[in-house]
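>>> Dropping the sequence and predicted coords here.
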Amino acid sequence: VAASTNAHIAVLPSPGIGHVTPLLELSKLLVTHHHCHVTFLNVTTESSAAQNNLLHSPNLPPNLHVIDLPPVDLSNIVNDQTTVLTRLCLNLRENLPSFNTILDQLSHKSQALIIDMFGTFVFDTIPQNIPVFTFFTASASLLAFSLFLPQLDRDVEGEFIDLPHPVQVPGCKPIQTEDLLDQVRNRKIDEYKWYLYHLSRVPMSAGILLNTWQDMEPVTLKALSEHPFYRKINTPPLYPIGPLIKETEPVTENEPECLAWLDKQPSGSVLFVTFGSGGVLSSEQQSELAWGLELSGVRFLWVVRVPNDANASAAFFKAGSDDANNAALRYLPEGFVERTRDRGLVVKSWAPQVAILRHAATGAFLSHCGWNSTLESVTHGVPLIAWPLYAEQRMNGTMVEEDAGVGVRVRSEGGVVGRGEIERVVSMMMEGEEGKEMKRRARELKESASMVLGEGGASFVTRAAMANACLFAGKNDCSQKPG
Ligand code: UDP
């Protein structure tokens, strides 16, 4: 099935491990399975050890070349109050001149460019003969909402979160207003403007790559391909090529310790706890979580960070770096580490998530439900305790619980999830019948993921079609449909 395309493709992800990871995985597959040559352009950030480790791993295949764009000085346009998406967009915008220079050098051989949804600046300068594909790194449900957003923006006065009813995205399950992503909860701030700007330009792409598959999001994928609304707005061809998750991880400082500890635990007995690359809890919340884990009596592996009372995504761009340090342990309740020593392991800042999810001892994942984390969990048959923190994670948490049936969402009271609630969901997941059912469902999705990814599976075939489209689109034929 694999096409022998020999296409040369340039890839420009937004900074941040959640974007870089799936685009790098796609690049590896394009090189190893579809005979493409990929130049991967890395927008560097102040400090992301994790992102750098991933991109400078010695194990990248030949024909995948990573180029670090020279760092830009953002000091005059961002400050400590600048929020994540605004910072990301400004960083990318400031990188455009060096990106354009490199693309110029590559243009004699590049047939296509792949960006993610916050890279649509490139539409203003890219030569006509180079088609641009957008890799949507979140769920298809968020894509459907985002394609509908320009219309919502025109039709609704006031804030979307004040609407008296859920948001009815064409053909999709309605979204409860409390689940709406952070970026659209206040239409007056820069985050909203950036989000609307980029997402309203996504339909300018030659195709949209989706990190999902049929069994994960059946209703939304059907809506996107059949509902007249998406045709009316000229949605380009969609390529569901997921789940693309990182396979191997570079060895980090914590890895040998975590995995050796897991080796000693009984099969399916450990709850893994971590909140993505950016997530941090408030000090009160972190303490409640510690008490909840202690009261539940289950085995756990917990990645602990320095809490932050003001910003739930305070670790963004810093994950895996030295400033997420020993201090983290000082915020845990006194004596917690000693009292739980025989059944719990606390690691600082960062852990090899995929290796942990793959390990037989891991029974469930308490996660912020970033899209990559959700896919990594499901792909390994691990059910989730959904603890959304920022961005679109509330939507993902609801999907995990209500649609995919692979998890349970924690409920907070007055903004804090209490130790009693934590003990309840953890015990239910690790020891209850409901937990067994969620695990069974997660295993089903694991099987289905492995089917679509295998040679001849739907995502494999779609990826091959996309690689072909890159080759032919460069010759002015962007109309090749997947499948
Ligand atoms: N991750 C990890 N170790 C950690 C925390 C996160 O390896 O301790 C990785 C995780 O495997 C995933 C990514 O960081 O690939 C987080 O992406 P996601 O989309 O879940 O969330 P985001 O960080 O974008 O909020």
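The structure has been received and is ready for your questions. Numbers count the residues shown, from 1 in each chain.

>>> all helices for the stretch 351-483 of the chain, in order.
For the stretch 351-483 of the chain, the helices defined by DSSP state H, counting those that start in this stretch occupy 353-358, 371-379, 393-398, 419-431, 433-453, 458-473.

>>> One more: the stretch 1-150 of the chain?
17-34, 49-55, 84-94, 96-106, 140-155.

>>> To the ligand, which of these lies closest?
helix 17-34 (2.5 Å; CB to the nearest ligand atom). For the C-beta atoms, the positions are set from N, CA and C on the backbone; glycine is no exception.

>>> Packing partners of that closest one?
Contacts defined by 3 or more CB pairs under 8 Å, 6 or more residues apart in numbering; DSSP states H and E place helix 17-34 against strand 8-12, strand 37-42, helix 49-55, strand 64-68, strand 112-116, strand 132-136, helix 371-379, helix 458-473.

>>> and with 6 Å instead?
Where contact means 3 or more CB pairs under 6 Å, 6 or more residues apart in numbering; DSSP states H and E, helix 17-34 is packed against strand 37-42, helix 49-55, helix 458-473.

>>> That helix to helix 458-473, inter-axis angle?
Going by axes from the mean of the first three to the mean of the last three CA atoms, to 10 degrees, helix 17-34 is angled at 80 degrees with respect to helix 458-473.

>>> Mind checking if helix 17-34 is in reach of the ligand?
Yes - using CB under 6 Å from any ligand atom, we find that helix 17-34 touches the ligand at 17, 18, 21.

>>> Can you check those residues and name whichever has the most neighbours?
Counting neighbours by other CB atoms under 10 Å, residue 17 comes out on top of those with 27 neighbours.

>>> in what helix or strand does the residue nearest to that residue when sequence neighbours are not counted lie?
Sequence neighbours aside, residue 277 is the residue nearest to residue 17 in space, at 4.5 Å (criterion: CB to CB, 6 or more residues apart in numbering). If you go by DSSP states H and E, residue 277 is not part of any helix or strand.

>>> Does residue 277 touch residue 15 like I think?
No - contact criterion CB atoms under 6 Å: residue 277 and residue 15 do not qualify, at 11.0 Å.

>>> Compare neighbour counts for the two and give me the winner.
When neighbours are counted by other CB under 10 Å, residue 277 and residue 15 differ, and residue 277 comes out ahead with 26 against 23.

>>> And the more buried one, how close does it get to residue 389?
Per CB to CB, to the nearest Å, residue 277 is found 11 Å from residue 389.

>>> Which of the helices of the stretch 1-150 of the chain sits closest to residue 401?
helix 140-155 (13.5 Å; CB to CB).

>>> following that closest one, which helix or strand shows up next?
Scanning onward from helix 140-155 (DSSP H and E), the first element met is helix 190-201.

>>> Now do the SS call for the residue nearest to residue 356 when sequence neighbours are not counted.
Among residues not flanking residue 356 along the chain, residue 272 sits closest, at 5.2 Å (CB to CB, 6+ apart). Classification of residue 272 using DSSP: H, G, I helix; E, B strand; the rest coil returns strand.

>>> Pull the number of nearby residues for residue 272.
A total of 25 residues lie near residue 272 under the criterion other CB under 10 Å.

>>> Enumerate every residue touching it.
By CB atoms under 6 Å, 6 or more residues apart in numbering, the contact set of residue 272 is 301, 356, 362, 365.

>>> let's see 10 Å
By CB atoms under 10 Å, 6 or more residues apart in numbering, the contact set of residue 272 is 258, 262, 300-303, 351, 353, 356-357, 359, 361-367, 377, 382, 385.

>>> Which pLDDT does the model give it?
Looking at residue 272, its pLDDT stands at 98.

>>> So what sits opposite it in the bridge?
When bridges are called by DSSP bridges, residue 272 pairs up with residue 301, residue 365.

>>> Name the residues of the stretch 151-300 of the chain found near the ligand, please.
246, 274, 276, 277, 278.

>>> surely the last one meets residue 311?
Yes - look at residue 278 against residue 311 with CB atoms under 10 Å: they come within range, at 9.2 Å.

>>> Compare neighbour counts for these two and give me the winner.
residue 278 (24 against 16).

>>> Quick check: the gap between the more buried one and residue 138.
In terms of CB to CB, residue 278 sits 14 Å off from residue 138.

>>> What subset of the contacts of residue 272 is buried?
Buried members of these, scored by 16 or more other CB atoms under 10 Å, are 258, 262, 300-303, 351, 353, 356-357, 359, 361-367, 377, 382, 385.

>>> Please report how far the residue of the stretch 51-200 of the chain found nearest the ligand lies from residue 18.
Nearest residue of the stretch 51-200 of the chain to the ligand, counting by CB to the nearest ligand atom: residue 137, 7.4 Å away. Using CB to CB, residue 137 is found at 6 Å from residue 18.

>>> Assumed residue 279 was part of a strand.
No - assignment of residue 279 by three-state DSSP gives coil, placing it outside any strand.

>>> Low-confidence ranges, the chain, go.
The model of the chain has pLDDT under 70 over residues 1-5, 46-47, 248-254, 316-325, 473-483.

>>> so residue 94 makes contact with residue 77?
Yes - if you go by CB under 10 Å, residue 94 and residue 77 touch, sitting 7.6 Å apart.

>>> higher neighbour count, the two?
Under the criterion of other CB under 10 Å, the comparison of residue 94 against residue 77 puts residue 94 first, with 17 against 14.

>>> Who are the contact partners of the more buried one?
Contacts for residue 94 (CB under 10 Å, 6+ apart) come out as 43, 69, 71, 72, 73, 74, 77, 78.

>>> what residues does the stretch 351-483 of the chain put near the ligand?
Counting by CB under 6 Å from any ligand atom, the residues of the stretch 351-483 of the chain that sit close to the ligand are 351, 353, 354, 370, 371, 372, 373, 376.
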